[in-house]
Structures are given as structure tokens and as C-alpha cells.
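Any chance you can model this:
(chains A and B)
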Amino acid sequence: MSAGDGAGVRRDTAPGPAPAPTDVDLATADWRRMHPITPALRGWKTLAVVVAVGWYQLGDHLHDAEGLVQGGRWLIAVGAVAAIVLVASAYATLAWRVTRFAVTDDAVHLNTGVLFRQHRQARLDRLQAVDVVQPLLARLVGLAELKLDVAGGAGANVTLSYLRESDALALRAELLALAAGLRRPAAPAAAPEPAGVVPPAPAHAVVPGGAVSGSTTPGTAAAHPVRPAFEEAPEREVYEVPMPRLIGASLRSAGAVMIAVFLVVAVVVTVLSRDVGAAFAFLPALFGGVGAFWSRINQGASFRAAISPDGIRLRHGLTEARTQTVPPGRVQAIRLTQGLWWRGRDWWRVEMNVAGYGQGADVQRETVLHPVATRAEAMTALWLVLPDLGVGDPATVVDAALSGRDGDGGFTPAPRRARWVDPIGWRRRGVLVTDRALLTRSGRLRRQVEVVPHERTQSLGLQQGPIQRRLRLATFLVHSTPGPVRPSVWHLDEHAAAALLDEQAERARTARAVATPEQWMRAVSDGGS
Amino acid sequence: MTAEPFTPTDVTWTPVSRRLVGARLTVAACVLGPLFVGLVVVAALTAPGVWAAPAVVALVAAWLCWLVPRQVRAMAYAERADDLLVRRGIMFRRLVVVPYGRMQYVDVNAGPLARRFGIASVQLHTASPATTAEIDGLPPEEAARLRDRLASRGEARLAGL
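Below is the predicted model:
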């Protein structure tokens, strides 16, 4: 269906040959530095904190401060601050000097640390996603941060910050092409080197004609650093979230309702007690609500999704702009949810599990595939991840999953006796297995649908508590990578669940055998050699 | 599928070592023993009504003596051609199926007490934190064999994420 799904022959279950790069590789590799103003960009937060703390301290001891100014000791204070700033900037500059990265054919290497040196290597064949993040300040000066997500836990990601925006984009194209299994072109591209970003590495004793890695890549012979001419893969936009809908949806969220309730309560209390001070007690809760509301708007603003041969492209963010690229086959599972307030408009929130995301502080903003989707867009989002649902009539099946109940659309529902343990939602509980994926359905009030492609199943589980046992029910679980989606089907008939467990293990195995290779362009370029 | 959903009949289940019962009861005794003695002393020194406390502890101990062997009996694993099955629990029953190709790494643990009892535990990790496939109470040689076997099978069937 899509140009990018590359459902080709899997030539080999083992990942591509990626031997640990030898010292020679790394010595001849083209080591680059971050943009010189990185320390300033990173340091301003620290500075702001120091100033804020100082201000508070000053506020607490205003009299002392006055004494300070009058006694002429303020010179000492200013001197101390200046000294701290000087030392900090010296350290930051030093840190910037030792922070260097290099891209070889197999991996990205990042050296950091002044006292404790760290060499981090992200293998490109394990690349799960590439993000270009632009916080507000970096955006103003035209810089960007490149984040490589590899599935190795929260601390395993490689973050290159900050690079010139154009360099970040070029580097992203290069990394995605290499990760896809393409090779560097034979003729060195004579792209002009942007000054400043790529100073020749100190120990850059490159033998002219020396290849970077292996004999198959003569192209990287370089008298000076080479920027391979990897074009950005073409993309086609599939959906965009209009701002009015985003605001409308945010207004219908639980956070907005909370804000309204607190506002009303605050006003009532103020009027009754005739004391404005009472209203201030509600301020923290109000700020919390407003903060949640704002982050929803901020993250979802100008949300656009596109499809390209390199996978799904997501762009979003009002203050902090974020561009995510998730290569084909990297989405482990997706979930569509609809709160009670969204039902009237039939809006859905689509989230996904990607192995590199799902840990750390940015889970909320990284794992959204669509913040507010209409039903048609939800279907499109599902199609982005799973171009072929494996059923004859996907629309009917998705409709049945989103709003159906009992046996609609061929779902295996929870049996009637499940009402004893789940009186409200039992009719919505159900599971459907297609040729390509497993769909689970649940939630009467807050509707929820989870989809896991068979080849992305990690492991499977079956659980049964004492009451379920009495009722001959069991819960079926699909274990996915960390993230918002944790697929499960509660209260199935125990034999149906056990049979599902058995069949699903088998299906996952066969699906893995024919899945798109990790290096997704290999299926196309090598023709399955 | 047979009448028993948690024990498919077409696989051969390997129970864990009975020595695990001893190990678990020893741990329980280390906690409950001093507690019991302390409470008895307190009861002897104070009102007779306090004797209820050590009685409760004794009851818990008796209950554990009954429960732990049953729990251990319920723990088993089975190696199939392409995946490993791990089963546990009586009241709350759990069955986990881990495909070999999905394993990221295998942990073998043996604390001092476990070593004294001659057992070790093997834990399988996939890319999903939800995979709770821990086999406790394996004889060390069996644990080593299982580890090597899982590692080699995992290698043969290695897939991406």
C-alpha cells in the first residue's frame, strides 16, 4: 500500500554485520564538534537557577543586602559571582572541546566528559528513531539537537546538541540512509563544509585514500571531512491537526474540567468568606491545571504527520519544535483512546510504543502519533503503522474496534459471565486476530483500542485470579516495549485465552520470519541477497 | 486445548527443585522466628492477653509451611522448540511464553542462602519490562545448562525488536 512499507523478503534474521569498529576506523573517522555556542545555550538554565536562588536569598535577607550595599562589600559579592561565572564558562568550554562525535558506517560515536571520559556508541542497525529537537532558545539562534533513540534504556540514547539546523537535518538524512542499509556513494560529495561546526579534529592524520571502514566503502576516503550526499527522503503529508480542534479537545479534557471546577470553587469561597486571600489557596491546583492544559496545546500545536521511505515523520510543538522520524517497523504497538468528553465529536488520541521512547522525561511528547484525530484520521494513523491490517474490509473492522461491542466485526468477546467481575465494560472487552495484527478492545466509558503487529510481540502472558478461576475466565497479555501501550484482554473465556496464547506464539513466530529487515532499505536494494 | 488452560498437555513441564521450599521457609523462619521469640518474651512479661500476638505469628508460620510447598509445586517451566514457558501461582496463576528470538539477556542469580541450598534462579529479559519470566529454584548445573541453551537458541533465532 505505501511506498515505504517495503514488505520484502527478509533475507536473514540476524542483524547486519556490524563488527565493533576497530581503532583504525575511529582514528580515521571524521570527528566533529558541536556548535560553539552550545555551552551558552546549555548554561543559561543553570545561570537562571543561580540568579533565582540568589534573588530569593536576597529577598529573605533584605536588611543584610542593604548592609552589603552600604558597606561596600558588594564588590566582593559581584567578584564572587563573576568568579563563579568565569569558572563555569571555562569548564563549559572545556567540556565543549572534548565533546566530539563521529559517524562511521555502522555507528555513531560520541565522546564526552572532562574528568570522566565517556565514549558512547549507538549502533545504526539498532536505531529506533531520530528526533530533531529545537527548544525555544535554540530555535531563535537556528540551532537544533539531534537525538538518536536506540533501544537500550533511558540512558542509552545519543544526543548531539547543538548543531546548526541545516547540519542536523543533513546528519539525520545521512544516519537514516546508513541505518536503512544504504552505502555511502562512491564519489565523494564536494559539499562545502560549514565553518565552525566541523573543525578538523586534532589528531586527524588521514591517509588520502584510506577507507573508513571495510573494503566495500571506498567513498569515504577523505583529505578533509566528507559530507556524503544523502538526500532527505521525499515525504507526503498525511494529516495535520487544526488549532481550533486542538483547543476544543483540550477544553474537553479532564484537566480543563478541573480548572473550571477549581475556578468556581475559588470564586464561591471568596464570595462567601469575603476574603480574597482564601482564593489563593486554590492557586497551586489552578496552576497545575493550567500547566497541564498549556503543555497539551504546546505539544500538539501544528502537529503534522507525513510518510516517507524512511518511515513516519511527525512535526509538532509551539515553543519547542520537535521533528520525529520513526523508521518502518519501529512502532511496536499503538493505542487509540477516547475519553467520555470526546465521544460527541468522535475524537481519538493515538499513541504508540517505540523502543527508544517510553523512558525518560519526554514520554508524553514523544509517544503521540496523533493528539486529536477524527475517526478517518485515526484510521490513517493506524494505516501509517500498519499499512495492511490483514483483513478484507479494514474500515468495518476498525469501526467495530472503536465503537462496537460483543461480537461486532468478528471480535471474540468476553463471555456473559464476565459481567460479575466487570459489570460496566464487559460487553466492550474483546480481541480480534487478523493476519497481521492483534486488536484488543475495551472500555465502555473511556474507549480504548490497542493494536500490536504480530512480528512486534515480545512475549505473551496468561493470568487468572481466584474469582476469574471460579468464573472460568482468564486475562491475556501481550508484552510490548516500554511505553504508553500495554495491551491486554481481560476476562476472556479461559480456554479461548489459552488457545489464543498458543496460536499467537505461533503467529508471532511466522510473522517475525517474514518481517521487514532491521535495515529497511536492504529489502529493496539488495533484492534479498 | 485441554481442560486445564494453564497446563497445556503437549509440553513436558520441568518442575523446579524441591530445595526451594527449604530456602523459602528458611527466609520466613529468619523473619518470623525472632519476631515470635520477642513476642513471647513480651507476653510473658506483661498481660496474658498479649499471647494472642505470638499465636498469630505461629499461625502465619503454619500457614506458610502449608503454602510454600504448594507454591513451589506449582512452579514449572517447559522448553519448546521456539519458546520457553514459565508457570507459577496457585491462587493467582501466571503463564508466560517467551520466544527465544526475543530474549535480550539472561540473568543467573544465586545468593548465599540459595547457594547453601544448592539452587539458583534464572531470569529472562526481553525488550519488554512486563516480561516476568523468572525461574527460581533451579539446581546450579541445570541453571547453567538452561542459560547456555537459552543463549544459543536466542542467538540462532535472533530477531530485531
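
Convert stretch A:173-182 to CSV, retaining C-alpha atoms only.
The C-alpha trace of stretch A:173-182 is given here as CSV (Å, rounded to 0.1, in the frame of the first residue of the first chain):
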residue,chain,number,x,y,z
ALA,A,173,19.3,12.1,6.4
GLU,A,174,22.7,10.5,6.5
LEU,A,175,22.0,8.5,9.6
LEU,A,176,18.7,7.3,8.3
ALA,A,177,20.2,6.3,5.0
LEU,A,178,23.0,4.4,6.7
ALA,A,179,20.6,2.8,9.1
ALA,A,180,18.4,1.8,6.2
GLY,A,181,21.3,-0.2,4.8
LEU,A,182,22.3,2.2,2.0
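
Skipping its backbone neighbours, what lies nearest residue A:516 in space?
Closest residue to residue A:516 apart from its sequence neighbours, by CB to CB, 6 or more residues apart in numbering or on different chains: residue A:329 at 4.7 Å. For the C-beta atoms, the positions are set from N, CA and C on the backbone; glycine is no exception.

gap between the one you found and residue A:373?
Note on residue A:329: its distance to residue A:373, by CB to CB, to the nearest Å, is 22 Å.

the more surrounded of these two?
residue A:373 (26 against 22; other CB atoms under 10 Å in any protein chain shown).

Quick check: which ranges of the chain have low pLDDT?
Just so you know, I chose chain A. In the predicted model, chain A carries pLDDT under 70 at residues A:1-25, A:57-72, A:152-155, A:185-229, A:358-361, A:523-529.

my bad, the chain I had in mind was chain B
B:1-3, B:158-161.

ok, and the closest non-adjacent residue to the residue in chain B that chain A sits nearest to?
Going by CB to the nearest CB, chain A is nearest to residue B:5 of chain B, at 3.4 Å. Closest residue in space to residue B:5, ignoring its immediate chain neighbours: residue A:498 at 3.4 Å, by CB to CB, 6+ apart.

how many other residues sit next to the one you found?
Other residues near residue A:498 come to 23 when the count uses other CB under 10 Å.

what about it, helix or strand, and which?
Using DSSP states H and E, the element containing residue A:498 is helix A:494-513.

What residues sit buried inside that helix?
Of the residues in helix A:494-513, A:494, A:496-502, A:504-505, A:507-509, A:511-512 count as buried by neighbour count, 16 or more other CB atoms under 10 Å in any protein chain shown.

Nearest to chain B among those residues?
residue A:498 (3.4 Å).

what does chain B put close to chain A?
For chain B, the contact set with chain A under CB under 8 Å from any CB of the partner chain comprises B:1, B:5-6, B:8, B:82-83, B:91-99, B:101-102, B:126-133, B:157-161.

Grab the longest helix from chain A for me.
Longest helix in chain A by number of residues (criterion: DSSP state H): helix A:74-98.

name the helices or strands packed onto that one?
Packing partners of helix A:74-98 (3 or more CB pairs under 8 Å, 6 or more residues apart in numbering or on different chains; DSSP states H and E): helix A:38-60, strand A:107-112.

Single out the most deeply packed of those.
strand A:107-112 (a mean of 20; mean count of other CB atoms under 10 Å in any protein chain shown).

quick one: buried residues of the following helix or strand past that one?
Past strand A:107-112, further along toward the C-terminus, the next helix or strand under DSSP H and E is strand A:118-123. Of all the residues in strand A:118-123, those buried under the rule 16+ other CB under 10 Å are A:120, A:121, A:122, A:123.

Could you do stretch B:34-53 as well?
For stretch B:34-53, using 16+ other CB under 10 Å, the buried residues are B:36, B:39, B:40, B:43, B:53.

Likewise for stretch A:434-448?
In stretch A:434-448, the ones that count as buried by 16+ other CB under 10 Å are A:434, A:436, A:437, A:438, A:439, A:440, A:441, A:442, A:443, A:447, A:448.

Tell me how chain A divides into domains.
In terms of domains, chain A is parsed into A:40-96, A:242-298, A:328-523 (source: automatic domain parsing).

Deepest in the core, which of the ones you listed is it.
Of all the domains of chain A, domain A:328-523 carries the top mean neighbour count, a mean of 21, counting by mean count of other CB under 10 Å.

quick revisit: spatially, which two of the buried residues of stretch B:34-53 are the most separated?
Spatially, the most separated pair among those is B:36 and B:43, at 10.4 Å (CB to CB).

Now list whatever residues contact both of those two.
Residues within reach of residue B:36 and of residue B:43 at once, by CB atoms under 8 Å, 6 or more residues apart in numbering or on different chains, are residue B:54.

on contacts alone, who are the packing partners of the helix holding residue A:498?
Counting contacts by 3+ CB pairs under 8 Å, 6+ apart, helix A:494-513 packs against strand A:430-433, strand A:459-464, strand A:473-479, strand A:488-493, strand B:93-99.

Report the central residue of the chain.
Just going to use chain A. The centre of chain A sits closest to residue A:366, judged by CA atoms, centre = their mean, with a distance of 3.2 Å.

my bad, chain B
In chain B, the C-alpha nearest the mean C-alpha coordinate belongs to residue B:136, at 4.0 Å (CA atoms, centre = their mean).

Now do the SS call for it.
strand (DSSP: H, G, I helix; E, B strand; the rest coil).

Can you get me a residue count around the nearest residue to it once chain neighbours are set aside?
Excluding the flanking residues, the one nearest residue B:136 by CB to CB, 6+ apart is residue B:121, at 4.3 Å. Neighbourhood size, residue B:121 [other CB under 10 Å]: 18.

Secondary structure element holding residue B:121?
strand B:120-125.

Quick one: work out the angle between that strand and strand B:93-99.
Interaxial angle of strand B:120-125 relative to strand B:93-99 (axes from the mean of the first three to the mean of the last three CA atoms, to 10 degrees): 60 degrees.

How about residues contacting strand B:120-125?
B:84, B:86, B:98, B:103-110, B:114, B:131, B:133-140, B:143, B:146-147, B:150.

Where do the strands of the stretch 151-300 of chain A begin and end?
For the stretch 151-300 of chain A, the strands defined by DSSP state E, counting those that start in this stretch cover A:158-164, A:236-240.

Rebuild those as CSV, extending it with distance to residue A:477 and mean neighbour count.
Listed next are the strands of the stretch 151-300 of chain A as CSV, based on distance: least, CB to CB, whole Å; neighbours: other CB atoms under 10 Å in any protein chain shown:
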stretch, distance to residue A:477, mean neighbour count
strand A:158-164, 32, 22
strand A:236-240, 31, 14
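
Is chain B within reach of stretch A:385-404?
No. Using CB under 8 Å from any CB, stretch A:385-404 stays clear of chain B, coming no nearer than 14.5 Å.

Put the alpha carbons of that stretch into PDB.
Output in PDB follows, covering the C-alpha atoms of stretch A:385-404 (Å, rounded to 0.1, in the frame of the first residue of the first chain):
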ATOM      1  CA  VAL A 385       1.900   2.000  11.300                       C
ATOM      2  CA  LEU A 386       0.200  -1.000   9.800                       C
ATOM      3  CA  PRO A 387      -0.400  -0.500   6.000                       C
ATOM      4  CA  ASP A 388      -2.100  -3.800   5.800                       C
ATOM      5  CA  LEU A 389      -4.400  -4.700   8.600                       C
ATOM      6  CA  GLY A 390      -4.700  -8.200   7.300                       C
ATOM      7  CA  VAL A 391      -8.500  -8.200   6.800                       C
ATOM      8  CA  GLY A 392     -10.700  -7.800   3.800                       C
ATOM      9  CA  ASP A 393     -12.600  -4.700   5.000                       C
ATOM     10  CA  PRO A 394     -10.400  -2.700   7.300                       C
ATOM     11  CA  ALA A 395     -12.900   0.100   7.700                       C
ATOM     12  CA  THR A 396     -15.600  -2.100   9.200                       C
ATOM     13  CA  VAL A 397     -13.200  -3.900  11.500                       C
ATOM     14  CA  VAL A 398     -11.700  -0.600  12.800                       C
ATOM     15  CA  ASP A 399     -15.300   0.700  13.300                       C
ATOM     16  CA  ALA A 400     -16.100  -2.400  15.300                       C
ATOM     17  CA  ALA A 401     -13.000  -2.000  17.300                       C
ATOM     18  CA  LEU A 402     -13.600   1.700  18.000                       C
ATOM     19  CA  SER A 403     -17.200   1.700  18.900                       C
ATOM     20  CA  GLY A 404     -18.500  -1.800  18.600                       C
END
